[in-house]
Structure formats: C-alpha cells, structure tokens
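# just a sequence and a predicted model for now, questions to come.
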Amino acid sequence: MTTVFDALESDVRGYCRVWPTVFDTARGAWLRDEHGREYLDFFAGAGALNYGHSNPVLKAALLDYLGRDGLVHGLDMSTVAKRELLEAVRDLILIPRGLDYKVQFPGPTGANAVESALKLARKITGRTTVLNFTNAFHGMTLGALAVTGNAAKRAAAGVPLAHAHPMPYDGYLGGTGELGWIERMLDDSSSGLDKPAAIIVETVQGEGGVNVAGAQWLRRLSELVSARGILLIVDDVQMGCGRTGPFFSFESAGITPDIVTLSKSVGGYGLPMALVLMKRELDQWAPGEHNGTFRGNNPAFVTARVALEQYWRDDHLERATLAHGDRVRAALAKLAEAVPGLSTRGRGLVHGLVFSDASEAGKVSRVAFEAGLLAETSGACDEVVKLLPPLTITESELDHGLAILARAVDVVCGDRG
Ligand code: PMP
C-alpha cells in the first residue's frame, strides 16, 4: 500500500527508511509506534534528546509557560524567558567554569550556529580560509558544508564549496604527524595555504564515525593555532550539553575555545534552539548584521533554562554519564574481543562499534531495530554503529539495549564469533 509518506514526502527523507515504522509517542528512553510497539532509543534525536523524551520536569515548565500565554515567537526581542535563560547560562555554566563568553542566539539549528561562527571569525580576522578536519560534520548549509568531509553530502551543494581547507584529524595518519602536518602547512610560506581565519573542530566526530580526539592533541592544537592568531572554533553541537560527561566536551582537555557552537540538546526538550558563545572581545558583530526569524524560540528558552537548573547545578548527571559510558565501553569491548573484525571507540556516553566489513554495521542496525532498539550508523562508509542513548537512561535500560545489540551482532557475525 502506498502511504502518504511515499506519495507526498520528498525522497530526501532518510531515517524513516532505516526505521520503517510510524512513531507516535515517546517518553524517557522509549519511543512507541502507532501499533503500540516500543523501541529503546540509543539515538536520542542525533544528540538532541540528552535529557530524554518528554522529560517530566521540562514538560511541566513548558506546559506552564504555554498555559499562561508566555510569548512564543520573539526574534531577538528581550523577554523574561530569555533573561532567565541568560542568567542560568551565566550562573550555572559560565561562571563555575571561569568562562567569559558572550552569548549569541542564531537561528535554531546547528548549521545556523556554525554559519554564524564562521562569519564572525572571518569578519574579525579579515581572512577567508577556514581549516576543517577530515571526517568532520558541521551541517548542510553552504558554509557549514564547505567544512564538512562527506563527499556525497558535499556533492549535493551544487556549487563549488570554497574557502575551507581540510587537515588530518587526530588518528587520521595513524596517530602521529597530524599536528606536525598542520604546523608545517601553516609555517611554510610556500605550502599554498592562505593564512586561515579559524580552525573548526569537533572533540569527538559523531557523524564522522565516533572519532575521538585526545585531550593532549586538543591542547596542542589549541596552542598551535593560538600562537598564530588563528581562532579556535569548537563545534559542540552534538558533543556538548553533557554528552561526554562535563557540560562542554572540551573541558577535560583544559582548553578555552575562542568560539563555541551549541544546538541539539541545548533547548532541552528536543525544541529547536542554538547558541554561539564567543570570547567577550570577539563579539564584534554590528547590531542586526546577522539575523534570522526563528532566533527567539521562547518555549525552548524555558526548557533550556530548566534543564540547566535541573541537571547542571551539581555533578550528578556528569557522574552518571561517565558511569553509563563505562558500562557501554565494557559491553562493547566484550563484543569486540569475541568477534573478529570488530573494534570500539568512544568517550562519555557516545560510543561506536566499528565493523571492518562496513555492510555489517547497517545489518546490525536493522536487526537491532527489528528487536526494538534504535541505533544508527555513522562514519565515512557507514561502518560504525553509533550508540547515543539519552544521558538520563537507567542502567537496566542500558543493559537491555546492549543485550539487543549483542544479539544483533551474533545474528549478523555469529559464524565468526
Ligand atoms: N555540527 C555537528 C557537530 C553536528 O553533529 C550537526 C548535526 N548532526 C550539525 C553541526 C548540524 O546541526 P543541524 O542538523 O541542526 O543543522
């Protein structure tokens, strides 16, 4: 039977093809389809649902705000919801970490935040080139796509993607020489590289296959670019808001980026919202120089603020995330040990099960779906099953999902185990 999705929705749709059901409701770490079948969520809205679906504390605040006709659409007008959010960002996130950032509200997507960051870096430095990394993912708009690695996504741009230059990510050359290459290219006046405005980096490349940059590598990268007057942009759209444990994914490396992008989970309830944080002296925007109709999603400001108050007043969530991460790491290590051709990597509560035969990752994801688990694939050849559960998941839910995954691996690779 042809559905309205097949008949009417553009062929560009993707996730519905790997998870072919019609979802209806969701709570915590569970989604339910229209037939009442439940699926455990190791996907978390691609990182937009760190606090789980329909989080009751956030929902109560949202319903209260809507119930009293709280302003919904506000462009960049000052509102009570925005004031309370800014105060929470200052008091719960910035001051405790000794960060002196100003806060920009761009349009609500990750790509909006990345575009703003790139524009700002170019405006400040007067330079055009931005360095990016192999396997990077920063979004689908032209500026963000220019600093994204994936060839198929780049090809869809339809125009040349300019003013970006890829550099080897940590581990890309086998773990030695990546920073040396960057240094050489920057310092050799005949390398052919124009002096860049900025370098944009993910501390863990989520879409690129759960590639983890080492803390020391990030520190040395930060020193290297800072010494040369090049701005460091950390794209924390997917790894921020606690995914790796601390609120920002760069905290454990002890670096302070010049510019930080946040989106996905920052809105708290899966509501669209993004932030660009920039060192105070880098706030060189002129009023109205960058804008966007949906910069003032006030219901998201409410859930964002309540999420900060609920989860970032103390280190409970951070410790739980790290403990959950250890549990996932141990389970994956067991799988990788038992089955030839498998390896594993990750940090905090983002982990990847890497298949030397890329086609097996897709098969495992499909078998897991049939058994009631959502886990997507990522990486250059979709060779990685990426595990991104909500941070608020329980231990028993984690174990349940890991058991489904282990059975799926057994179904697909059993003859080797
Ligand atoms: N940056 C990173 C690191 C991302 O993972 C993503 C989305 N996967 C984006 C930017 C783009 O975000 P959006 O899809 O909301 O535009």
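Noted; the coordinates are in hand.

# quick one: contacts for L173?
W181 (C-beta atoms under 8 Å, 6 or more residues apart in numbering). All C-beta spots, glycine's among them, are computed from the backbone N, C-alpha and C.

# 10 Å instead?
134, 180-181 (C-beta atoms under 10 Å, 6 or more residues apart in numbering).

# same question, N291
N291 neighbours (C-beta under 10 Å, 6+ apart): 75-76, 106-107.

# A368 too?
39-40, 42, 374-375, 385, 401, 404-409, 411-412.

# helix or strand right after the helix or strand where it lies?
Per DSSP states H and E, A368 falls inside helix 358-370. Once the chain leaves helix 358-370, the next helix or strand it forms, by DSSP H and E, is strand 373-374.

# list the buried residues for the following helix or strand past that following strand?
Remark: after strand 373-374, the chain's next helix or strand is strand 376-378, criterion DSSP H and E. Within strand 376-378, the residues that count as buried by 16 or more other C-beta atoms under 10 Å are 376-378.

# avg pLDDT for strand 376-378?
Averaged across strand 376-378, pLDDT comes to 97.

# which strands border that strand, and is each parallel or antiparallel?
Sheet pairing of strand 376-378 (DSSP bridges) gives strand 384-387 (antiparallel).

# which residues touch A144?
Applying C-beta under 10 Å, 6+ apart, the residues near A144 are 109-115, 117-118, 132, 136-138, 161, 164, 200, 235, 237, 261.

# distance check, H35 against N112.
Applying C-beta to C-beta, to the nearest Å, the value for H35 to N112 is 36 Å.

# neighbour-wise, which of these two wins?
Neighbours were counted for H35 and for N112 using other C-beta atoms under 10 Å; N112 has more, 25 against 8.

# within the helices and strands, which one has the closest residue to the more buried one other than its chain neighbours?
Nearest non-adjacent residue to N112, counting by C-beta to C-beta, 6 or more residues apart in numbering: P106, 4.4 Å away. Of the helices and strands defined by DSSP H and E, none includes P106.

# next, count neighbours for P106.
27.

# I figured it was touching H290, is that so?
Yes. At 7.0 Å, P106 and H290 qualify as touching, with contact defined as C-beta atoms under 10 Å.

# which residues are in contact with both of these two?
Joint contacts of P106 and H290 (C-beta under 10 Å, 6+ apart) are 112, 115-116, 119-120, 276.

# mind putting those in JSON lines, distance to N297 included?
Formatted as JSON lines, these follow (distance: C-beta to C-beta, whole Å):
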{"residue": "N112", "distance to N297": "11"}
{"residue": "E115", "distance to N297": "17"}
{"residue": "S116", "distance to N297": "16"}
{"residue": "K119", "distance to N297": "21"}
{"residue": "L120", "distance to N297": "21"}
{"residue": "V276", "distance to N297": "15"}
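
# so can I have CSV of the contacts of N291 showing distance to the ligand and pLDDT?
Listed next are these as CSV, based on distance: C-beta to the nearest ligand atom, whole Å; pLDDT from 0 to 100:
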residue, distance to the ligand, pLDDT
L75, 20, 97
D76, 19, 98
P106, 11, 98
G107, 9, 98
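
# out of those, who's the most crowded?
Going by other C-beta under 10 Å, P106 tops the contacts of N291 with 27 neighbours.

# distance check, it against N297.
For P106, the distance to N297 - C-beta to C-beta - is 11 Å.

# now for the two: what residues contact both?
273-274.

# in the chain, what residue is nearest the ligand?
Nearest residue of the chain to the ligand: G110, at 2.2 Å (C-beta to the nearest ligand atom).

# so for G341, what's the pLDDT?
With respect to pLDDT, G341 has a value of 96.

# who touches the closest residue to it other than its chain neighbours in this structure?
Closest residue in space to G341, ignoring its immediate chain neighbours: S356 at 4.2 Å, by C-beta to C-beta, 6+ apart. If you count contacts by C-beta under 10 Å, 6+ apart, S356 has them with 340-343, 383.

# name the residues that touch stretch 183-190?
131, 165, 167, 177, 191-193, 195-196, 199, 220-221, 224-225, 227-228, 230.

# any idea of the mean pLDDT for that stretch?
pLDDT averaged over stretch 183-190 gives 98.

# pull the CA atoms of it into CSV?
Extracted in CSV, the C-alpha atoms of stretch 183-190 (Å, rounded to 0.1, in the frame of the first residue of the first chain):
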residue,chain,number,x,y,z
GLU,A,183,52.1,23.2,11.7
ARG,A,184,54.2,22.6,8.6
MET,A,185,51.4,23.9,6.3
LEU,A,186,50.9,27.0,8.5
ASP,A,187,54.5,27.9,8.8
ASP,A,188,55.8,27.1,5.3
SER,A,189,55.2,30.3,3.2
SER,A,190,55.2,28.1,0.1
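
# buried residues, it. List them.
For stretch 183-190, by 16+ other C-beta under 10 Å, it's 183, 186.

# could you dump the contacts of S356 to CSV with secondary structure and distance to Y269?
Output for the contacts of S356, formatted as CSV (DSSP: H, G, I helix; E, B strand; the rest coil; distance: C-beta to C-beta, whole Å):
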residue, secondary structure, distance to Y269
P340, coil, 43
G341, coil, 40
L342, strand, 35
S343, strand, 35
E383, coil, 33
